[in-house]
Every structure is written in C-alpha cells, then in structure tokens.
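A predicted structure for the sequence below; I have some questions about it.
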Amino acid sequence: MKYLIAALASMFLIPIPSWGDVSLIEAIWTAVGMVALFASLWSMPKVVVDFVVAKHAPSGKMAEARVMLARGHIRRECIRLAQGAIILLIGLYADFQPQPYSKITLVGLFLTLGVVALAALVAVQSLLDRRQRDAAERVLAEEA
C-alpha cells in the first residue's frame, strides 16, 4: 500500500529544470528579489527629498499634511525595501543549498508561483509610486 501511494504521488510530480544545485524556481525567486530591492532603492532618494522639502516648507495646515504624506511614503518604501531584501535573501539561501528534489507537485508549483507573484508586486508598487511622484513633480514644475 505504501508503495502504491508513493507511485501515485510520483505521477503528479513536475520536473524542475536546474543548473547544478540551483533550480529554475530558485533562480526566478532570486531575480525577483533583486528587482524588488533595486526598484525600492531607486525610489528611496526621491521619497527622502520629498520629505525634506515638505519638512522645510512654511508652516501651516497644508505643510503639516505634506509632511504626514511624505512620512507615509518613506514608511511604505522602507517596508518595500525590507520585503525586497527578505525575498532576495530567501532566494540566495535557496541557491546555495543542496537540491534534494528535482520535482515539485502541482500544488507546490502554484504556491511557489503565487509567492513569487507577490514578490514581483513589491517591485511593481515601487516603480508605479516612483512614476506617480515624477508625474506630480512635472505638473508642479509646469505650474510654477
């Protein structure tokens, strides 16, 4: 019975391409982590400059609101930076571990792809926020 279950389970395993000890899933995970980390690092200077400008603006309700918004942008970008670093570290850790299995179940594949998609959304969030800040900056420059 035990062998029958093992044989049935092995029918549903999907082979994972790999290069040495690094599987395709690990390589994708590491690449997505690097993109997320670099996208967040690329957006960080603009966010900090926005905060400094808002902090040094003349006092008033509008200035207080700008400081609160800028502080929120810094907080979100720092969280994305931490998420990107964690994703990258998990990918690098997996890259350097021996690969005991060369196959994955369909459920495992969907779960892994789902987590990788969430990781990719971290990078997309940073890039879209950067693009939005650039557009707002252009509008303000045209108005001045």
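It's in. Residues are numbered from 1 along each chain as shown.

now do the strands in the protein.
13-15, 18-19, 22-23, 103-105 (DSSP state E).

neighbouring strands of the third one in the sheet, and parallel or not?
Counting by DSSP bridges, the strands paired with strand 22-23 are strand 18-19 (antiparallel).

related to what we said a few turns ago, out of the strands of the chain, which comes closest to Gln125?
Nearest of these to Gln125, taken as C-beta to C-beta: strand 22-23 at 27.0 Å. Heads up, the C-betas are built off the backbone N, CA and C, glycines and all.

which other residues reach the closest one?
Residues from elsewhere that reach strand 22-23 (C-beta atoms under 8 Å, 6 or more residues apart in numbering): Ile16, Pro17, Asp95, Gln99, Ser102.

same thing but at 10 Å, please
When contacts are defined by C-beta atoms under 10 Å, 6 or more residues apart in numbering, strand 22-23 is touched by residues 16-17, 29-30, 91, 94-97, 99, 101-102, 104.

any idea how far Val49 is from Ala123?
Relative to Ala123, Val49 is positioned 21 Å away (criterion: C-beta to C-beta, to the nearest Å).

more neighbours: which of these two?
The residue with more neighbours, out of Val49 and Ala123, is Ala123; 23 against 13, by other C-beta atoms under 10 Å.

assess the claim that that one and Ile87 are in contact.
Yes - in this structure Ala123 lies within contact range of Ile87 using C-beta atoms under 10 Å: 9.3 Å.

what do the two both touch?
The contact lists of Ala123 and Ile87 share Val32, Gly33, Met34, Val35, Ala36, Leu37, where a contact means C-beta under 10 Å, 6+ apart.

surely His56 meets Asp50?
No - contact criterion C-beta under 10 Å: His56 and Asp50 do not qualify, at 11.3 Å.

what touches both of these two?
Joint contacts of His56 and Asp50 (C-beta under 10 Å, 6+ apart) are Val67.

between these two, who's got more neighbours?
Legend: neighbour count by other C-beta under 10 Å for His56 and Asp50, higher for Asp50 (20 against 9).

let me know the pLDDT of the more buried one.
On the pLDDT scale, Asp50 is placed at 86.
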